[in-house]
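Student: Here's a sequence, model it:
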Amino acid sequence: MVRFLSFFFFLFVFPLAVRAQVLPDLGFKRSQNIQVFDSLNNMLDFPFVGGMNAVRASELDLNQDGISDLVFFEKHGDRILPFINQGVPHSIHYTYAPQYIHDLPSLHNWTIFMDYNGDGKSDIFTYGLAGITVYKNISTSQQLLFELVTEQLQSYYYNGYTNLFTSPDDYLALADLDGDGDLDILNFWLLGKYVHYHRNYSMENYGDSEHLDFRLENECWGHFEEGADNNHISLYSSCNGGGKDEPTRHIGSTLFVTDIVGNALPDLLIGDVDYPNLILLENGGTWEDPLMVSMDTAFPSAQHPVMLYSMPAVNFLDIDNDGKKEMIASPSDPSLTKSQDLNSVWLYQKNDETGQMEKLSESFIQNQMVDVGSGAYPVFYDWNGDGRADLFIANYGSFDSATYHQGFLNSFFSSSIAYYENMGSQNNPVYHFVTSDFARLKQYGYLALYPAFGDINGDGNVDMLCGNKEGTVLYLENRGGGAWQMHDDWQNIDAGDYSVPQLFDIDKDGKMDLLIGNRRGQIAYYKNISNEIPDFELVTCCLGNVDVRNEEISYFGYATPCFFEKEGETYLFCGNEQGHILIYNEIDDNLTGSFRCVGQVEETFQSRHYGLIEGIRVAPAVADINGDNYLDLMVGNYAGGISYFEGEMPIVQLDDFTVNPLLIYPNPASAAFTLEARSVQEVALYDLSGRLVYHQTFQNESQIRVGVENLPAGFYVGKVRARNLIQQFKLIVE
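Tutor: Alright, predicted model coming up:
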């Protein structure tokens, strides 16, 4: 009876909802309904894709119309960017189609879409569990569908089957390398140097290409070797007894196989970490014994070489529907501080007259979206005082140059702030690009600038405070007429690395206070103690005990706070490193206590709720920009772009869980509980203060065991993401 009464008390006195229903006017749906114009006054086709830094393009029929569409996988944030091909012959015409993101499994590190079973549908090969995870395309004429084939692809090594190793950073090659009709694999072994050939015996053993039966057939495919500390290639290698003399490390490479020279043999393209070029290795051997006989380090030509820092990855696709394949190249370096970011998607087409590949664009698709480089931090502010919210987008930086030090690449970035003026109406915002370097901040060489606007010195002009990588606050004094005076280390404030300031009256005394997020994942509170010119005094380094870190994954949180008011109540949206935007309330009259985390921001699509994850190091900005009395949301991410979510009344979800119920047992639990649902992707537990106490991701599992022996006895709220749908549950730990 005591247990029953406790649970009753928990359900009705503590109705903690992880879903957005506790915030009745804060629903969001993804939208492209705002016009944005570039520096040439051309309207962008799809401004809110979210940017591109390091992508690999693939083909996939998204809408089941028989036409291959275009899908990009963005490495810096594990994002999928789907585009519908309009299919007009000899025409490049694509439409952004984010709704198909929800039909794809969770993908990370690298992803290749390729048909392995010959049914004409692109399947998925992606990184997972120190190897390769494979999903089969089982789409119907009505819906895009995938099923898990294996979480860890096996290959026969020497004496038995074991995990077919691949690095989380490499792009391996999938191709029919023996001409038998099934897909084989080329990859670098753990320490690199030699390329391993894993032959698929599906045709030999089963008479079809449906199976994935791999065996390590050759430890030195092509008879070449890669340098241990650089991208030097040595041809005609003796392979030293089968490739056993591996170096001490392998840094990272991309591989792509296709017949470049036209001799019906598979040639190889290699991109290497820290280097901007592609190397073509020409195959002069046979199908049975490939032999790389020459190399071109300026592929595809001396006039138009690929030069993309760093580690370019390529694919050949029919982009313009003419029956011939074009080439798309982009960086794939896993480092967030090395890659060329702007103009980082190069499109090449073969000139039929000269036979040479020529560059058509350095920003294919990318030039039709808002993209400010690496990192995007949107801020709404009515700069011109016309009553409409203008849009500022700061960045971590954009790629300037690169040099080598002791054989390693050093890339240099500098931060700036882009300004888009709202030239629309109260109900129809229209954003026009004004400058990519507002207040000419790029010249100072700072990183991770983040602006906050207000009259700091009381002269009637709007000044600007800027956080930055070093954790200090810069004061940009507005002298009028476009003149600014820089005051660095202003008021000796140091809130921790990657300071993110916001001016907001948190204590409701009529004066703007200063709130600053930081890399630790916390928010510092500086109270304005002056009745005239603002003077800020540190109150606490950890306002509301907010901590947006996921300690199981990272030491850092990269908190990007956005405080706002709705119907007189203060809320907080706070972005974090993993791409979540956490929601906090119970802020007013509670500045010395703990704010309540009520879950994460979600988007609504077709009456269903989906966890909103727009990449990594996300930054939210909130304002009612279309005058409908619902707050709208812009979200920046590390790939340098922004996504727009139009505010709406949240929709009650009737989802897959009604047909496939969520089971939790035992409940109450002492040592552990078991969770059953279809295709579980993520499980989280929160205590009554809203603090995250458990979080784990899964690869579409149906039964999960969660240990709770280390949790204090009490009540907890759980959240399950399965098939990208969200469901909550309540748990008692004894």
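
Student: Show the low-confidence segments of the protein, by residue range.
Tutor: 1-25, 191-192, 241-251, 651-661, 689, 723-725 (pLDDT under 70).

Student: mind listing the helices for the stretch 51-200 of the chain?
Tutor: Under the criterion DSSP state H, counting those that start in this stretch, the stretch 51-200 of the chain carries no helices.

Student: Just the strands from the stretch 101-250 of the chain, written as ranges.
Tutor: When secondary structure is read from DSSP state E, counting those that start in this stretch, the stretch 101-250 of the chain shows strands at 111-114, 123-128, 131-137, 146-150, 154-157, 160-163, 173-175, 184-188, 195-200, 214-218, 224-226, 233-235.

Student: any chance of those in a markdown table, plus mean neighbour count and distance to residue 276?
Tutor: The C-beta positions use only the backbone N, C-alpha and C, and glycine is treated the same way. As requested, the strands of the stretch 101-250 of the chain are exported to a markdown table (neighbours: other CB atoms under 10 Å; distance: least, CB to CB, whole Å):
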| stretch | mean neighbour count | distance to residue 276 |
| --- | --- | --- |
| strand 111-114 | 21 | 22 |
| strand 123-128 | 22 | 23 |
| strand 131-137 | 22 | 27 |
| strand 146-150 | 16 | 34 |
| strand 154-157 | 19 | 32 |
| strand 160-163 | 12 | 32 |
| strand 173-175 | 21 | 20 |
| strand 184-188 | 24 | 19 |
| strand 195-200 | 24 | 21 |
| strand 214-218 | 19 | 29 |
| strand 224-226 | 23 | 16 |
| strand 233-235 | 16 | 16 |
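
Student: Helices of the chain, start to end?
Tutor: When assigned using DSSP state H, the helices of the chain occupy the ranges 2-13, 202-206, 240-243.

Student: what separates the residue nearest the centre of the chain from residue 613, distance-wise?
Tutor: Relative to the mean C-alpha position of the chain, the nearest C-alpha, by CA atoms, centre = their mean, is the one of residue 77, at 2.0 Å. Shown here: residue 77 relative to residue 613, a distance of 9 Å by CB to CB, to the nearest Å.

Student: Name the residues contacting each of these two.
Tutor: Common neighbours of residue 77 and residue 613 (criterion: CB atoms under 8 Å, 6 or more residues apart in numbering): residue 579.

Student: For residue 699, which non-adjacent residue is spatially closest?
Tutor: With sequence-adjacent residues excluded and distances taken as CB to CB, 6 or more residues apart in numbering, residue 699 is closest to residue 151, at 5.2 Å.

Student: Tell me who's in contact with that neighbour.
Tutor: With contacts taken as CB under 8 Å, 6+ apart, residue 151 has the following neighbours: 128-129, 133, 699.

Student: Got the phi and psi for it?
Tutor: Residue 151 has phi and psi values of phi -80, psi -20 when expressed as degrees, to the nearest 10.

Student: So that it lines up with my notes, have the first residue be 50 from now on.
Tutor: Right, with 50 as the first residue, what we last looked at is residue 200.

Student: coming back round to it: give me the neighbour count for the closest residue to the residue nearest to the centre of the chain other than its chain neighbours.
Tutor: The spatial neighbour of residue 126 that comes closest, neighbours along the chain excluded (CB to CB, 6+ apart), is residue 664 at 2.8 Å. As a burial measure, the neighbour count of residue 664 was computed by other CB atoms under 10 Å and equals 24.

Student: try residue 190
Tutor: Count around residue 190 with other CB under 10 Å applied: 7.

Student: and if you look at residue 453?
Tutor: Other residues near residue 453 number 11, with proximity taken as other CB under 10 Å.

Student: measure it to residue 390 for me?
Tutor: The value you get for residue 453 to residue 390, if CB to CB is used, is 19 Å.

Student: now residue 663
Tutor: Using CB to CB, residue 663 is found at 17 Å from residue 390.

Student: try residue 451
Tutor: Here residue 451 is placed at a distance of 12 Å from residue 390 (CB to CB).

Student: And those two? Which one has more around it.
Tutor: Each of residue 451 and residue 390 had its neighbours counted (other CB under 10 Å), and the higher figure belongs to residue 390 (30 against 17).

Student: which residues does that one contact?
Tutor: For residue 390, the residues meeting the contact criterion (CB under 8 Å, 6+ apart) are 102, 420, 422-423, 447-448, 688-689.
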